[in-house]
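S.K.: What shape does this take:
(2 chains)
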Protein chains: 2
Amino acid sequence: MPKQVDHHERRETIARALWRVVEQRGVGHLTMREAAKEAGISLGQLQHYFASREAMLSFAMDFASEQASLRVGQGLQELGEGPHPRDVLRVMLTEMLPLHADARATSRMSAAFVLEALHNENFHARTRDGMLQGRAMVEQLVRQAIADGQIGPDRDPVVETDLLLALTGFTTLLELDVVKPRDVLTAVDQHLDRLFGGSDTPAGDRTR
Amino acid sequence: MPKQVDHHERRETIARALWRVVEQRGVGHLTMREAAKEAGISLGQLQHYFASREAMLSFAMDFASEQASLRVGQGLQELGEGPHPRDVLRVMLTEMLPLHADARATSRMSAAFVLEALHNENFHARTRDGMLQGRAMVEQLVRQAIADGQIGPDRDPVVETDLLLALTGFTTLLELDVVKPRDVLTAVDQHLDRLFGGSDTPAGDRTR
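M.R.: From the prediction side, this is the model:
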């Protein structure tokens, strides 16, 4: 196996160890020492792969985003060819919420990263760029659906995009068990049904 | 001044110092040592007021919630007598978002507390109870508005309550400057207008 690949794989293994630290012990434990311990290597070995805590966090966050994108890609593939934009948005939104173990790991890593970003300019710029890219993708979908007559022409694409992104607010409510995953899916479906003009279809009538 | 009052005031002063630590340096700095330093007292003096870090965090969070409730109360008073439920919900929702300095301090304190809560059963139970209480208040308002014909009878009060609470998802988007406060207010108004059946009134036509 070429050395480059091995290096990358080792970094991914460390990133996964870091996710477990965040998930099981919390953001206060995001240190190189704890990551090394969880990955079963020495601090010196870890420093061979990451020169600094910042480099380690950046990589772990990028890797988490990559994995989330793969899950979204997988979900879109399952929709078949020429999927309805409503279903595309649903896949994107539900993968951003901690509705299953993998998404919860990404979600907690992302929450930790946002908190670091409030006090770190480099992280702030990177996190913001990532969110703006996600926002642009959603807005493009909404604009296309308006152009195609799937969303009413009276809807403002910017406002609708913001309201869709705000649905990530379910994250905290799910994490604290204030709402159940099932209730969140019902609410998301209701919001999407109304956006796509099907507000008279009860959410319960949908099979997904 | 009675000693009891002095004790409570001192605790509030420490709590405010703790908020500043969270706001300016981040959740990784939520220690008794840093709180004492920010409050300009010794660690020993701080320990006279709070026996543990957990007791200090709990008090700081309760005090932040209290202050937020006072701001909501103030906002409701400004609406005058018999306010419209739409305006009541707007005051409640916008005070939960980091749209001004005081609300931002509460919001960051709350985010820090939620993260602690994921790995601390006591905090988890308390945070969850607080959120469930807030949820119950919003649901009661929605149910009453449906009963009074201000919200359409086809709306499900549970789903509508969940969708209103999800709007707190604007917190992260605001903190990372992905959306502007003005856009958030437009989106919140749009959501409320639709809920209260005024979807044909552009948000820009409202003076508030």
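
S.K.: Domains in chain A, by residue range?
M.R.: A:1-51, A:54-205 (automatic domain parsing).

S.K.: To chain B, which of these lies closest?
M.R.: domain A:54-205 (2.5 Å; C-beta to the nearest C-beta). The way it works is simple: take the backbone N, C-alpha and C, and place the C-beta from them, glycine included.

S.K.: avg pLDDT for that closest one?
M.R.: For domain A:54-205, mean pLDDT is 90.

S.K.: Show me the helices in chain A, by range?
M.R.: Along chain A, the segments classed as helices by DSSP state H run A:3-25, A:32-39, A:43-49, A:53-78, A:85-95, A:101-117, A:121-147, A:157-166, A:170-175, A:181-195.

S.K.: Which secondary structure elements does the shortest one sit against?
M.R.: Translated: helix A:170-175. Using 3 or more C-beta pairs under 8 Å, 6 or more residues apart in numbering or on different chains; DSSP states H and E as the contact test, the elements touching helix A:170-175 are helix A:101-117, helix A:181-195, helix B:157-166.

S.K.: wouldn't A:Glu116 be in contact with A:Ala60 here?
M.R.: No - counting by C-beta atoms under 8 Å, A:Glu116 stays clear of A:Ala60, with 11.2 Å between them.

S.K.: With neighbour numbers in mind, choose between these two.
M.R.: The neighbour comparison of A:Glu116 against A:Ala60 (other C-beta atoms under 10 Å in any protein chain shown) goes to A:Ala60, with 26 against 23.

S.K.: That one: what's it in contact with?
M.R.: Counting by C-beta atoms under 8 Å, 6 or more residues apart in numbering or on different chains, A:Ala60 touches A:14-15, A:18-19, A:109.

S.K.: So which of the residues you listed wins on neighbours?
M.R.: A:Leu18 (30 neighbours).

S.K.: contacting residues around the residue most central in space within chain A?
M.R.: When C-alpha atoms, centre = their mean is applied to chain A, the residue found nearest the centroid is A:Met96 (3.8 Å). Residues near A:Met96 by C-beta under 8 Å, 6+ apart: A:68, A:103, A:107, A:168, A:171.

S.K.: Quick check: the last one touching A:Leu99?
M.R.: No - the pair formed by A:Thr171 and A:Leu99 falls short of the contact definition of C-beta under 8 Å, at 9.8 Å.

S.K.: More neighbours: which of these two?
M.R.: Legend: neighbour count by other C-beta under 10 Å for A:Thr171 and A:Leu99, higher for A:Thr171 (25 against 19).

S.K.: thinking again about what came up before, any chance of the contacts of A:Ala60 in JSON lines, plus distance to A:Arg135?
M.R.: JSON lines is the format used below for those (distance: C-beta to C-beta, whole Å):
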{"residue": "A:Ile14", "distance to A:Arg135": "30"}
{"residue": "A:Ala15", "distance to A:Arg135": "25"}
{"residue": "A:Leu18", "distance to A:Arg135": "26"}
{"residue": "A:Trp19", "distance to A:Arg135": "24"}
{"residue": "A:Met109", "distance to A:Arg135": "20"}
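
S.K.: Out of the domains of chain A, which one sits most buried?
M.R.: Neighbour counts (mean count of other C-beta atoms under 10 Å in any protein chain shown) averaged over each of the domains of chain A peak at domain A:54-205, with a mean of 18.

S.K.: Distance from the chain centre to that one, please.
M.R.: Here domain A:54-205 shows a centroid-to-chain-centroid distance of 7 Å under the convention C-alpha atoms, centre = their mean, to the nearest Å.

S.K.: circling back: any idea which of the contacts of A:Ala60 is the one closest to B:Ser42?
M.R.: B:Ser42 lies nearest to A:Leu18 out of those, by C-beta to C-beta, at 36.1 Å.

S.K.: Return the residues in contact with the closest one.
M.R.: Neighbour list for A:Leu18: A:30, A:35, A:38, A:56-57, A:60, A:109 [criterion: C-beta under 8 Å, 6+ apart].

S.K.: redo that, cut-off 7 Å
M.R.: Counting by C-beta atoms under 7 Å, 6 or more residues apart in numbering or on different chains, A:Leu18 makes contact with A:35, A:56, A:60.

S.K.: where does it land on pLDDT?
M.R.: On pLDDT, A:Leu18 comes in at 90.

S.K.: right, and A:Arg33 touches A:Leu43 too?
M.R.: Yes - with contact defined as C-beta atoms under 7 Å, A:Arg33 and A:Leu43 form a contacting pair (5.7 Å).

S.K.: coming back round to it: out of the helices and strands packed on helix A:170-175, the one nearest A:Ser52 is which?
M.R.: helix A:101-117 (12.9 Å).

S.K.: what about the closest one and chain B, touching?
M.R.: Yes - judged by C-beta under 7 Å from any C-beta of the partner chain, helix A:101-117 comes into contact with chain B at A:111, A:114-115, A:117.
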